[in-house]
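[1] curious how this folds, go ahead:
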Amino acid sequence: MTSISTAMRSAADAAKVLTVEAIVENRLYPLALKDAALKLLAMHDAAPRIVRYTADMKRWLLTQSILAFHFQRVTSPSHPGLTAANLNAFIANSKVASKNTAFAHLAEMRNYGLLVDTGESGDRRIRQLRISETAETLIREWFNEHLKSLDMLDQGTRLSRSSADRRLLWYAQPRMAQSLFHDPDWTSPPQTVETFVRTGSGSNILHDLMSRLAPEKELETHMPIGPLRIGEFFKRYAISRTHARRLFERAHVLEAGGWDLSGDSGDFWLSAELILDYRHWQAVKFAAIDEAFEWACYQVPEPTGRQRED
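    Numbering: from 1, shown residues only. Take a look at the predicted model:
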């Protein structure tokens, strides 16, 4: 297993974690955010059935909680393993999801091969689960893309450090998830953002809209993003036409976006309010990832013996 070199550890020691405010105010942030949005959409297009497990706020929180259980067990074998009962205990005092929703989510992820049995128990109620190689590959791709965007802001070395030691994800993801799980700025975003992310596939639709912005342009009250058809969205994100139409109608009522012409035609525009709310909301996530990653750089033990030779 490769590890963080002494030079890389020095870089981690010297790194300054970016705050939400510093991210939002960085002149390169709109470009970095667009780059990340396009990557998220590419991941969806490559594996739409799988990526939908993070395509709205409820699913995102449940999936990240499940991943956190797995990675905590990997880095600390004494930590409780991932079971339906343990997941339910974790979310019991939150409003993330009901017990039945959480259990159904686990079952779906298992059916799609994102979770597999460890074989430690045959009792369904206490069946130990772990994430599959496919799931870890996807979360690593997601994680590294965010590190890449963060590097764009300050010419950092996060991506190269993560690539040098795969264990950094194992340590960083649970800390990031825990931070965001309890941060109302993430879980309860402004209404303009929430109208998208509380609906099925709404996060992907919001990323899609934002990816069409020209990042170099100064914000105006209405920012045109070019012609847009509702049909693009229900086909790409496998939602009903009715669902898509209602989502855009709610956005229009909030004056978060709309068409220049009647009949859902002409150029579509996004409000400056929605854009600013989205940028701040995403910055909360980026800041949590940055803090968790730099913390992880101190937690990963130096390899010894055979590990060092590998």
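
[2] which residues outside stretch 129-149 are in contact with it?
    Counting contacts by Cβ atoms under 8 Å, 6 or more residues apart in numbering, the residues outside stretch 129-149 that touch it are 32-33, 35-36, 39-40, 43, 47, 50-51, 54, 66-67, 70, 73, 81-83, 106, 109-110, 113-118, 158-159, 162-163, 166, 169, 172-173, 285-286, 289, 293. Every C-beta, even on glycine, is put in place using the N, C-alpha and C of the backbone.

[3] tell me how far that stretch lies from the chain's centre.
    With Cα atoms, centre = their mean, to the nearest Å as the basis, stretch 129-149 stands 10 Å off its chain's centre.

[4] likewise for stretch 245-252?
    24 Å.

[5] for that stretch, buried residues please.
    Within stretch 245-252, the residues scored as buried using 16 or more other Cβ atoms under 10 Å are Leu247, Phe248, Arg250, Ala251.

[6] what's near enough to touch the closest residue to the second one other than its chain neighbours?
    What it means is Phe248. Residue nearest to Phe248 in three dimensions, not counting chain neighbours: Ile230, with 6.3 Å by Cβ to Cβ, 6 or more residues apart in numbering. Residues near Ile230 by Cβ under 8 Å, 6+ apart: Arg241, Ala244, Arg245, Phe248, Asp264.

[7] just to revisit the earlier point, in helices, which of the contacts of stretch 129-149 fall?
    32-33, 35-36, 39-40, 43, 50-51, 66-67, 70, 73, 106, 109-110, 158-159, 162-163, 169, 172-173, 285-286, 289, 293 (DSSP state H).

[8] picking up where we left off before, which one of the contacts of Ile230 is nearest Val24?
    Phe248 (26.4 Å; Cβ to Cβ).

[9] what sits up against the helix or strand where the closest one lies?
    If you go by DSSP states H and E, Phe248 is part of helix 241-253. With Cβ under 8 Å, 6+ apart as the test, helix 241-253 has contacts from 192, 195-196, 199-200, 202, 205, 230-231, 233-234, 237, 257-258, 264, 274.

[10] do the same with stretch 22-31
    18, 32, 152-154, 213, 215-216, 279-280, 283, 286-287.

[11] which ones among those are found in helices?
    Ala32, Met152, Leu153, Asp154, Arg279, His280, Ala283, Phe286, Ala287.

[12] which of those residues has the largest number of neighbours?
    Ala287 (25 neighbours; other Cβ atoms under 10 Å).

[13] show me what contacts it?
    Counting by Cβ under 8 Å, 6+ apart, Ala287 has contacts Val17, Leu18, Thr19, Val20, Ile23.

[14] just these now: which is nearest His222?
    Distances from His222 to those, taken by Cβ to Cβ, are shortest for Ile23, at 24.8 Å.

[15] what about that closest one, how many neighbours?
    When neighbours are counted by other Cβ under 10 Å, Ile23 comes out with 25.

[16] now do the SS call for Gly258.
    strand (DSSP: H, G, I helix; E, B strand; the rest coil).

[17] how about it, nearest residue that isn't a chain neighbour?
    Looking at Gly258 with Cβ to Cβ, 6+ apart, the closest residue is His252, at 4.6 Å.

[18] in what helix or strand does Asp267 lie?
    With DSSP H and E as the test, Asp267 turns up in strand 265-271.

[19] could you give the average pLDDT over that strand?
    When pLDDT is averaged along strand 265-271, the result is 88.

[20] low-scoring stretches of the stretch 101-250 of the chain, by residue?
    Residue ranges of the stretch 101-250 of the chain with pLDDT under 70: 120-125.

[21] which parts of it are strands?
    All strands of the stretch 101-250 of the chain, identified by DSSP state E, counting those that start in this stretch, fall at 115-117, 129-131, 222-227.
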